[in-house]
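S.K.: Sequence plus predicted model, see below.
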Amino acid sequence: MVKHAIAFYGIPLLVVTMAALGGTGRVLAKRRRGSILSRKKKRMMILAANGALLLIPAAWFLHYRASTGRLDGVFQLVQIFELAVGLIQLNLMRLNVRDGRMLGRAPRQA
Ligand code: HEM
């Protein structure tokens, strides 16, 4: 029940939230440039690609397999893969928070 809710409500919510984060970031970045910003943008591209191409398909696969009771070796392998990519995502987000806080302190152009 909870896992079903995560797969069907949590994932769309996450996608919308991440898109909003990218959108607001872009608005804040409009009149600024620099290496910190381009690092953040590059990370955001990787985050989005990992999420859309790897994590979401893997989550759906795991959800489907779990609902049909096929918890075999492939299931476990995909689970490990999902966890590993999830850790990479967390780290990319941590770096974006760190760089964002630096941007918050940096002097702005008028
Ligand atoms: C996972 C994605 C992201 C996270 C977690 C994130 C996080 C943050 C955080 C924590 C701050 C500091 C706010 C403060 O202390 O005042 C910040 C600031 C900022 N971020 Fe992001 N950010 C993300 C994506 C982006 C993207 C994609 C861009 C631009 C394309 C961006 C541009 C900015 C700018 C320009 C600031 C400085 C805001 C200001 O004080 O004027 N961010 N971000």
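M.R.: That came through, no problem.
S.K.: need the contact list for Val15.
M.R.: Contact partners of Val15, counting by C-beta atoms under 8 Å, 6 or more residues apart in numbering, are 51-52, 56. Glycine gets a C-beta too; all of them are placed from N, C-alpha and C.
S.K.: which SSE is Leu14 in?
M.R.: Secondary structure assignment for Leu14, by DSSP states H and E: helix 11-29.
S.K.: Of the contacts of Val15, keep whichever come out buried.
M.R.: Neighbour counting by 16 or more other C-beta atoms under 10 Å classes 51, 56 among the contacts of Val15 as buried.
S.K.: gap between the helix holding Leu14 and the chain center?
M.R.: 10 Å (C-alpha atoms, centre = their mean, to the nearest Å).
S.K.: same check, this time on stretch 99-110
M.R.: Relative to the centre of its chain, stretch 99-110 is centred 23 Å away, using C-alpha atoms, centre = their mean.
S.K.: Spell out which parts of this protein neighbour the ligand.
M.R.: Residues of the chain lying close to the ligand (C-beta under 6 Å from any ligand atom) are 21-22, 25-26, 28-29, 32, 37, 40-41, 44, 47, 93, 96-97, 100-101, 103-104.
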